[in-house]
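>>> curious how this folds, go ahead:
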Amino acid sequence: MSANILYVDDEPHNLSAFAATYRRLYKIFTAESADEGRRILDQEDIHVVITDQRMPKTTGVEFLASILEVHPEPIRMILTGYTDIDAVIDAINKGQVYRYIQKPWAEDDLRINIDKAIEIYTLRKENRELTEQLKVANTQLEFIARQNLLS
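Modelled structure (predicted):
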């Protein structure tokens, strides 16, 4: 599976560096704002969302929290040059963030974290599909059992 990665950062240089680094491994989508990120999420099947924490208008945590209801499936990560323990706690509690990674990122470490996020996304998707299949099978078994009781 070729994964779709959305990276949201208000610094164009960071967006282009990220895209250049990972474009051969994943399908990369970039956005310079939370609003642009939401538009991409509405149009594309995104597997992993990575966002900068400190952006104008909206923090990364606020952006991730705002997409949870409509887009709960993507695995969420924050990439930031700042270590603020309150932001880390907010990220975990409000944005349901999988990883909080410091800038500048180490290319291999970030790739490993993205790969792990993709694995989690895939496992969750398979789990949802299997759960649906079990519900259908259970409904069919209940129907057969009722038919046997009536005959």
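>>> hey, let's count contacts and neighbours off CA atoms from now on
Noted.
>>> tell me the contacts of the closest residue to Gln53 other than its chain neighbours?
Distances taken as C-alpha to C-alpha, 6 or more residues apart in numbering put Gly60 closest to Gln53, at 4.0 Å, once the chain neighbours are dropped. Going by C-alpha atoms under 8 Å, 6 or more residues apart in numbering, Gly60 touches Thr51, Asp52, Gln53, Arg54, Ile78.
>>> nearest spatial neighbour of the first one, chain-adjacent residues omitted?
So the one you mean is Thr51. Using C-alpha to C-alpha, 6+ apart and skipping the chain neighbours, the partner closest in space to Thr51 is Val8 (4.5 Å).
>>> can you give me the strands for the protein?
For the chain, applying DSSP state E gives strands covering 4-8, 27-31, 48-52, 75-80, 99-102.
>>> single out the most deeply packed of those.
strand 48-52 (a mean of 26; mean count of other C-alpha atoms under 10 Å).
>>> contacts for that one, please.
3-10, 59-60, 74-80, 114, 117-118, 121.
>>> JSON lines for the strands of the chain, including mean pLDDT and distance to Asn14?
As requested, the strands of the chain are exported to JSON lines (pLDDT from 0 to 100; distance: least, C-alpha to C-alpha, whole Å):
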{"stretch": "strand 4-8", "mean pLDDT": "98", "distance to Asn14": "9"}
{"stretch": "strand 27-31", "mean pLDDT": "98", "distance to Asn14": "10"}
{"stretch": "strand 48-52", "mean pLDDT": "96", "distance to Asn14": "10"}
{"stretch": "strand 75-80", "mean pLDDT": "92", "distance to Asn14": "11"}
{"stretch": "strand 99-102", "mean pLDDT": "86", "distance to Asn14": "13"}
